[in-house]
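**Q** Generate a structure from the sequence data that follows.
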Amino acid sequence: MGKTIGMATLVFAAAIVTFLHQDALLPAFLVPAATGMFWCLGAKGHRKYPLAGIVVLALSGCLALGYSLYPLIENEALVSMRIPFSRLAYDAAFAVIFLSIVSIFFGGLFFLRPPARRQIEDESNRLEVLVSLHAGKLLALSVIPLILYIVGYGPAGLLERRHYLEMAGPQLIVSASSIFGPVGAVLASIVLIVRRSPRHLRTTAGLLLGGYFVVMISTGSRAVAVLPLILLWLFIEFRKPGKLGAAISVVGSLFSVVVLLNASLVFRLEAVGAGLLPYLDVLTEKSDRLFEVRFGQLVGNVLFGVPLTGDIVMSGQLDQQYFWTSINPLPGGLTDWSSILGELSWGPATPFNTFGELYAYGIIYVVMFMFSVGALVSGLDNIISSFDGALRQTLTLVAVISLLLFASAVFQYPVRNASRIVWYLAVVVAGLAMLKSKALSSQFGTPSLARNFDG
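**A** All right, here's what the predicted structure looks like:
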């Protein structure tokens, strides 16, 4: 309790200093504020890495970098518009985004619960048992997002299309593929890495992972850079390499991440059209561009969210009815989304981001939406922590990837995109709650369904 109170005091002290609007202190005091929130959540939930705390750190890191560095890298950023520098707008953006972070923190803190009991089993061994028993089912699940990619963009569109945003299927399918694509890649990677997987299924998993790599490259998705990190984490966790092997793996993985991030941006910039064939032309004709890495190009799209937020905050209010349309989970064709889309962007290639749009509805919408996100994330954390080790570990990895995608989305895209991720998380929370409820009410003599998954 004393640790929690101490961390909470640090958070509020840092928040008070932050809102003094002293230019040099804003990013500096964000560090202890975010760290305090993270440790406070960890102390409340008895967790080393609380999910809500991970969101807080991710958003805080982007905010600190965007506030401090974006004016210096603006000319390198691949964005479709330039926003004149205004210290007032940057301070306004800092205040709105920090308020969002604090709202997520309190939502997460209020709903976070300590686990009922601690697990002390060898989790890596338990996951190997899980995969050996259910590798086929895991691969069947991993195929679903790949099918969504194919349906959303079409086989011909994946090969070649006029623009990287062009779609052949419904927007809902494309959005689902972008959210669940990394999840499918995680499942295939687990089967591939774990030694106890049947050999023929490990081969299938490798082919599926290659399919995800090709499809993500074809769609121009920066999520392809997540794949080396997934493989790195699984390799170190379950293959247990020595120090030299681990060091080589980390360096190779980070190098791959930087190259893939840069490649996704170079392909969009240099290719005539989009898709696998135009991108292959760039690869053969301008391969040297893939290694011309510029920091502004890699992170400029995300950090651009800070000045964009400030510009939206300074521009006026939006009709509050737009908010309810934006969070409506129904496909856009069943709502009036198409009629309001033009009001929620600066141009065809620059939509509002979530922070600015929420503030344009009113400050209460910022608090309400982000508090709900924190509550939902902690609800997910509570349910995941109630499962046994192997299943819990897999779900945690998937949850962290999804939440990092959310943290990136709120800086770049409007409320509708962010709310889609929130709805997907809500469905996952409801599904896991039903699964756990079924396990607890089982009368077949097994302790829990989670244990059955673990073997």
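**Q** From here on, just use CA atoms for contacts and neighbour counts.
**A** Noted.
**Q** so where is the stretch 301-450 of the chain shaky, pLDDT-wise?
**A** 331-333, 347-349, 388-391, 394, 435-450 (pLDDT under 70).
**Q** That one: strands as residue ranges?
**A** 345-347, 350-351 (DSSP state E, counting those that start in this stretch).
**Q** among those, which is nearest Val299?
**A** strand 350-351 (16.0 Å; C-alpha to C-alpha).
**Q** in its sheet, what does the closest one sit against?
**A** According to DSSP bridges, strand 350-351 forms sheet pairs with strand 345-347 (antiparallel).
**Q** residues in contact with Ile404?
**A** Quick fix: residue 404 is Leu, not Ile. Leu404 makes contact with 55, 58, according to C-alpha atoms under 8 Å, 6 or more residues apart in numbering.
**Q** Apart from its neighbours in sequence, what residue is nearest the spatially most central residue of the chain?
**A** Ranked by distance to the mean C-alpha position of the chain (C-alpha atoms, centre = their mean), the top residue is Leu405 at 1.6 Å. With C-alpha to C-alpha, 6 or more residues apart in numbering as the criterion, Leu405 has its nearest non-adjacent residue at 7.8 Å, and that residue is Ile179.
**Q** is it true that the one you found touches Ile421?
**A** Yes. Under the criterion of C-alpha atoms under 8 Å, Ile179 lies in contact with Ile421, with a separation of 7.2 Å.
**Q** Return the distance of the closest residue to Val415 other than its chain neighbours relative to Leu59.
**A** Closest residue in space to Val415, ignoring its immediate chain neighbours: Thr354 at 4.6 Å, by C-alpha to C-alpha, 6+ apart. Distance, Thr354 to Leu59, by C-alpha to C-alpha, to the nearest Å: 12 Å.
**Q** Of those two, which one has the most company?
**A** Thr354 (25 against 22; other C-alpha atoms under 10 Å).
**Q** Could I get the contacting residues of the more buried one?
**A** 409-415, 418.
**Q** could you flag which of these are buried?
**A** The neighbour-count criterion (16 or more other C-alpha atoms under 10 Å) marks 409-415, 418 among these as buried.
**Q** phi, psi of Arg161?
**A** With angles defined as degrees, to the nearest 10, Arg161 sits at phi -150, psi 170.
**Q** re earlier: most packed of the strands of the stretch 301-450 of the chain?
**A** Stretch with highest mean neighbour count among those: strand 350-351 (a mean of 17; mean count of other C-alpha atoms under 10 Å).
**Q** Figure out how far it is from the centre of its chain.
**A** With C-alpha atoms, centre = their mean, to the nearest Å as the basis, strand 350-351 stands 19 Å off its chain's centre.
**Q** ok, now stretch 302-320?
**A** 21 Å.
**Q** what distance separates the start and the end of that stretch?
**A** Using C-alpha to C-alpha, the two ends of stretch 302-320 sit 26 Å apart.
**Q** List of residues touching it?
**A** Stretch 302-320 is contacted by residues 62-63, 65-67, 70, 77, 79, 83, 85, 89-94, 352-353, 355-357, 359-362, 408, 411-412 when judged by C-alpha under 8 Å, 6+ apart.
**Q** That one: which residues count as buried?
**A** 302-314, 318.
**Q** Could you chop this structure up by domain?
**A** As given by automatic domain parsing, the domain ranges for the chain are 2-118+301-454, 123-297.
**Q** What is the distance between the first one and the centre of its chain?
**A** In this case it means domain 2-118+301-454. Worked out by C-alpha atoms, centre = their mean, domain 2-118+301-454 lies 9 Å from the chain centre.
**Q** what do you get for the last one?
**A** Centroid displacement of domain 123-297 relative to its chain, using C-alpha atoms, centre = their mean, is 15 Å.
**Q** avg pLDDT for it?
**A** Taken as a whole, domain 123-297 carries a mean pLDDT of 81.
**Q** Near Pro71, how many other residues are there?
**A** Each residue near Pro71 was counted by other C-alpha under 10 Å, and the total is 16.
**Q** Where does it sit: helix, strand or coil?
**A** Following DSSP: H, G, I helix; E, B strand; the rest coil, we place Pro71 in the helix state.
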